[in-house]
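J.: For reference, the sequence and a predicted model appear below.
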Amino acid sequence: DAGVTQSPTHLIKTRGQHVTLRCSPISGHKSVSWYQQVLGQGPQFIFQYYEKEERGRGNFPDRFSARQFPNYSSELNVNALLLGDSALYLCASSETGPYGYTFGSGTRLTVV
Amino acid sequence: LAKTTQPISMDSYEGQEVNITCSHNNIATNDYITWYQQFPSQGPRFIIQGYKTKVTNEVASLFIPADRKSSTLSLPRVSLSDTAVYYCLVGYDDKIIFGKGTRLHILP
């Protein structure tokens, strides 16, 4: 079985641009969460989606948005990129309940 | 959401047993305790999860006292490849919040 897949793996963008990151959860997992991890820090929660509905939002500006599709895949969008948005963006999927999350390998975003 | 506190870093030697303790004083009744391992430039990897008492799997054991205000991850006979950051998280079917984790460095 495929794990959580994220695309692209690496990305370089210029300040002010927009970026879309994609995530495909494990088959059967209906919950998808997004995290931002800056070098040397723990992952910071951005969004959680379940059955296409937003269930949680972290302390991130409105430039960050996400959505979940009927097949449970998800996109994270970031507008007006800043240098500080450079990070590893992680997607995680899970079944409902306390079953733990399975993380993808992440998308490394560099903003120049 | 319950906040967790872990040691920032630990060193140990190959072949030793390593115990990492996490405190979570305001854990809720429904909360489970989950530990993740993360290598550089990779996503966190699920290690073990428990609710109370002791849980053991092929890679680790998790000890949870009766009051559930702390938990201890035990890694038996560590190797150099166990050098990583270990995160303790508390929650249930909700956004999971990562702390700073424990940087475990295994020495030869």
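T.: Arrived safely, thanks for sending.
J.: what's near enough to touch the residue in chain A positioned nearest to chain B?
T.: Distances between chain A and chain B by CB to the nearest CB are smallest at A:F103, namely 3.1 Å. For the C-beta atoms, the positions are set from N, CA and C on the backbone; glycine is no exception. Residues near A:F103 by CB atoms under 8 Å, 6 or more residues apart in numbering or on different chains: A:V4, A:Y35, A:L90, A:C91, A:A92, B:Y36, B:G43, B:P44, B:R45.
J.: Pull up the gap between the closest residue to the first one other than its chain neighbours and A:I26, please.
T.: The spatially closest residue to A:V4, leaving aside those adjacent along the chain, is A:G104, at 3.8 Å (CB to CB, 6 or more residues apart in numbering or on different chains). Distance, A:G104 to A:I26, using CB to CB, to the nearest Å: 10 Å.
J.: which residues touch the strand or helix carrying A:Q36?
T.: According to DSSP states H and E, A:Q36 maps onto strand A:31-37. Where contact means CB under 8 Å, 6+ apart, the residues beyond strand A:31-37 that reach it are A:23, A:25, A:43-50, A:55-56, A:60, A:66, A:68, A:72-74, A:76, A:85, A:87-96, A:101, A:103, A:106, B:93, B:95-96, B:98.
J.: among these, which ones are buried?
T.: A:23, A:25, A:43-50, A:55, A:60, A:66, A:68, A:72-74, A:76, A:85, A:87-95, A:101, A:103, A:106, B:93, B:95-96, B:98 (16 or more other CB atoms under 10 Å in any protein chain shown).
J.: So which of those belong to strands?
T.: Members of the buried ones among the contacts of strand A:31-37 lying in strands (criterion: DSSP state E): A:23, A:44-50, A:55, A:66, A:68, A:74, A:76, A:87-94, A:103.
J.: Residue ranges in the chain under the pLDDT threshold?
T.: Since no chain was named, I'll use chain A. Across chain A, the ranges flagged by pLDDT under 70 are A:1, A:97-98.
J.: was after chain B, sorry
T.: Looking at chain B by pLDDT under 70, you get B:1-2, B:93-95.
J.: Test my guess that A:F47 contacts A:N59.
T.: No. A:F47 lies out of contact with A:N59 (CB atoms under 8 Å); the separation is 11.4 Å.
J.: can you pull up the bridge partners for the residue nearest the centre of chain A?
T.: The residue lying closest to the centre of chain A (CA atoms, centre = their mean) is A:W34, at 3.3 Å. With DSSP bridges as the criterion, A:W34 is bridged to A:F47, A:C91.
J.: what about it, distance to B:E17?
T.: 36 Å.
J.: hey, what's B:F63 bridged with?
T.: Beta-bridge partners, per DSSP bridges, of B:F63: B:K54, B:T72.
J.: whoops, I mixed them up, B:D11
T.: Here B:D11 sits in beta bridges with B:H105, as judged by DSSP bridges.
J.: which residues does it contact?
T.: Counting by CB under 8 Å, 6+ apart, B:D11 has contacts B:L104, B:H105, B:I106, B:L107.
J.: okay, now the residue in chain B that chain A sits nearest to: neighbour count?
T.: In chain B, no residue comes nearer to chain A than B:G43, which is 3.1 Å away by CB to the nearest CB. Using other CB atoms under 10 Å in any protein chain shown, B:G43 is surrounded by 23 other residues.
J.: Setting aside sequence neighbours, what's the nearest residue to it?
T.: A:F103 is the one closest to B:G43 (CB to CB, 6+ apart), at 3.1 Å.
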